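Colleague: Give me a 3D structure for the following:
(2 chains)
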Amino acid sequence: MSIDAPVKVTPPARKITTKPRVSDQIFRAIVTTFSFSALLILSLIALFLLSKGFTTLKEQGFGFITNFEWSVFVDENGVEKATFGLQAMLLGTLVISIIALVIAVPLSVLTALFLTFYAPDRVKRILVTIIDLMAAFPSILYGLWGFFVLMPMAEYWAKLIHKWLGWIYIFDVPDPIYTRSPFIAGLVLSVMIIPIITSVSREVFSQTPLDRIQAAYALGATKWGMIRAVVLPFGAGGVVGGSMLGLGRAFGETVAVFSVLNIVFRTNFQILFTQGGNVASMIIQKWGEAGPSEVSALMAAGLVLFILTLLVNFLANYVVTKTVKSGR
Amino acid sequence: MSQVNYTNQNGKLMSDQPKNTTPSSLSDVASKRAESKVAGTQPLGTGLEARGVHAWFDKHHALEDVSLDFSAGTVTALIGPSGCGKSTFIRTLNRMHEFIPHTSMAGQVLLDGKDIYESGIDVTKIRLQIGMVFQKPNPFPSMTIGENVLSGLKLAQLKVDNQEDLLEECLTRAGLWTEVKDRLGAHAGGLSGGQQQRLCIARALAVKPKVLLMDEPCSALDPGSTLRIEETISQLSKSMTIVIVTHNMQQAARVSDYTAFFLSDGGPGQMIEVGPTNEIFSRPRDERTENYVTGRFG
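Modeller: Predicted coordinates:
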């Protein structure tokens, strides 16, 4: 009998399964159903918009996004001729939303820093309540306030900006009419999205690890130095995420923008001039007197807005995961 | 505190006290440490002094009447069971205590004879002179290794002519240079726990503090990293004053010149006894100290 060298046998990986209890299975079924119902409703809305707007999308093709004309007329023979193009509205939506972000993000971040690191407890409690209330405020009230209170003031600001910065194209105007401009709509929107961005930023700032804050202070940092070295890198992802949430609201905002914007189907980047576009507001403006073909076009516009919002959200997610990694 | 056993040039113990009257491993270690210690060769100021320090959290009296003198160029270990106020005490020494809301303190902390709690004093300047290393390594994860070391300069808006040299000097003194010199641009999060802690030491050194406070710097580390950090402390003690809180009595015996024993009997924490480390571990004056260092409680 010879002695064999010991052979190493690596066993195949075992398959590990567990059988959950019935109660657990039931609970699992319930949570699964409810979480998928949100997805289901979302896709049904998209499907509905697609089916209603399909005629328009087929007739107008890619021009639906790139044209800026929106007209329906019936010729002598009773044949309807329609051109639907969203370009002015889409770009208008972007312009207004970007104006809103440019104003709201710095204000919100500074507010959040104040609330987290400077405000005394009592002031903080009161301010947080007020800001949360702002988020829940009905948008028509923002619209009315924007129209009656903000617009007269903003008209003056717009004139000032035009006077000093008019040599820059976007601050120039073809005619001296400054009311109901993208600038004013952006201002109103910024007030509406400040609470969202502030509360998300405040949340992430307050989660800054204490040991890192202490490390900065122990190195002789001033408060502002500590915030710059520790809090802002840590909270950057959250600020971007909050801004994107705000952007989502800005894209979809209808009534408030409708009250303070002169909706014109012409692409306009001169933000102080009384001419702008906004998909959601345009839908509500045209809705009342739209014929069947125009209703289809409005539905298609809704679908485009829907997709745009989805895209922004995906982008936000991507940016957040990218920036969060470096700061944490 | 003039009793510390400094050696002369020949390495002969200058103290006339008999060595190791009660032989125990801890006092052996402490004596060895005392023998190897050579008096600082450069003037280091008059050091740090706590006078009648009390500390409160809200109404809770956490620390009662602690007076301690940290001579320049010495290492002092603060030992004692959990909750005895030693961490609170060390945090009063560079005004980190006041960062916890609703805290207060009484007494004086003198750095080179000047009260650091004096009204109108710039607290950031105080913390530049009294650096701190924390229990948990806390490098800034968004910065690279090099940026971490120099972060204190940036935070305090100090200018240095030769950053490269300072970087190498601090990392060398913290015992980390050889391990990281080829990846100074890498993010600090990729280092091991022990390396991160030494990075934090290097970061504290970059602003050239006179005093370094260490709050249980090795409690989150493995024995190997602990050893490296203790070597680092021994190196540093030649040029600065070090105060270290530790739960590890072996460590206190290995690294410190003086040891202070803190205890709370349910009330506020008090300092029971302070003395040269080898005496605290060989013949403490107080029975409670003896019970603690011999492992009868704590």
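
Colleague: When you work out contacts or count neighbours from here on, use the C-alpha atoms and nothing else.
Modeller: OK.

Colleague: And the longest helix along chain A, what's buried?
Modeller: Using DSSP state H, we find that the single longest helix of chain A is helix A:22-60. Within helix A:22-60, the residues that count as buried by 16 or more other C-alpha atoms under 10 Å in any protein chain shown are A:46, A:49-50, A:52-54, A:56-57, A:60.

Colleague: any idea which element residue B:270 lies in?
Modeller: strand B:270-276 (DSSP states H and E).

Colleague: List the residues that contact residue 241.
Modeller: No chain specified, so I'll use chain A. A:200, A:316-317, A:319-320 (C-alpha atoms under 8 Å, 6 or more residues apart in numbering or on different chains).

Colleague: that's the wrong chain, I meant chain B
Modeller: Residue B:241 sits next to B:47, B:70-75, B:210-212 when contact means C-alpha under 8 Å, 6+ apart.

Colleague: now that we have those residues, which one has the most neighbours?
Modeller: residue B:211 (30 neighbours; other C-alpha atoms under 10 Å in any protein chain shown).

Colleague: hey, what's that one bridged with?
Modeller: Per DSSP bridges, the residues bridged to residue B:211 are residue B:130, residue B:241.

Colleague: Surely it touches residue B:131?
Modeller: Yes: assessed by C-alpha atoms under 8 Å, residue B:211 is found in contact with residue B:131 at 6.2 Å.

Colleague: now the contacts of residue A:241: which count as buried?
Modeller: A:200, A:316, A:320.

Colleague: Identify, from those, the entry nearest to chain B.
Modeller: residue A:320 (14.9 Å; C-alpha to the nearest C-alpha).

Colleague: For the host helix or strand of the closest one, name the packing helices and strands.
Modeller: Counting by DSSP H and E, the element that carries residue A:320 is helix A:292-327. Other elements packing on helix A:292-327 under the criterion 3 or more C-alpha pairs under 8 Å, 6 or more residues apart in numbering or on different chains; DSSP states H and E are helix A:22-60, helix A:232-252, helix A:279-287.

Colleague: Quick one: mean pLDDT for the longest one?
Modeller: Spelled out, it's helix A:22-60. In this model, helix A:22-60 carries a mean pLDDT of 92.

Colleague: all strands of the stretch 51-200 of chain B, in order?
Modeller: Taking DSSP state E, counting those that start in this stretch, the strands of the stretch 51-200 of chain B run over residues B:60-70, B:75-79, B:103-111, B:114-115, B:130-133.

Colleague: and the angle for the longest one with strand B:103-111?
Modeller: Computed by axes from the mean of the first three to the mean of the last three C-alpha atoms, to 10 degrees, the angle separating strand B:60-70 from strand B:103-111 equals 0 degrees.

Colleague: Give the buried residues for strand B:60-70.
Modeller: Buried residues in strand B:60-70, counted by 16+ other C-alpha under 10 Å: B:61-70.

Colleague: Take those and lay them out in TSV including distance to residue A:21.
Modeller: Shown next, in TSV, are these (distance: C-alpha to C-alpha, whole Å):
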residue	distance to residue A:21
B:61	52
B:62	50
B:63	54
B:64	57
B:65	60
B:66	60
B:67	63
B:68	63
B:69	65
B:70	64
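
Colleague: Looking at the residues you listed, which one is closest to chain A?
Modeller: residue B:70 (19.3 Å).

Colleague: Can you check the distance spanned by stretch B:114-132, start to finish?
Modeller: 19 Å (C-alpha to C-alpha, to the nearest Å).
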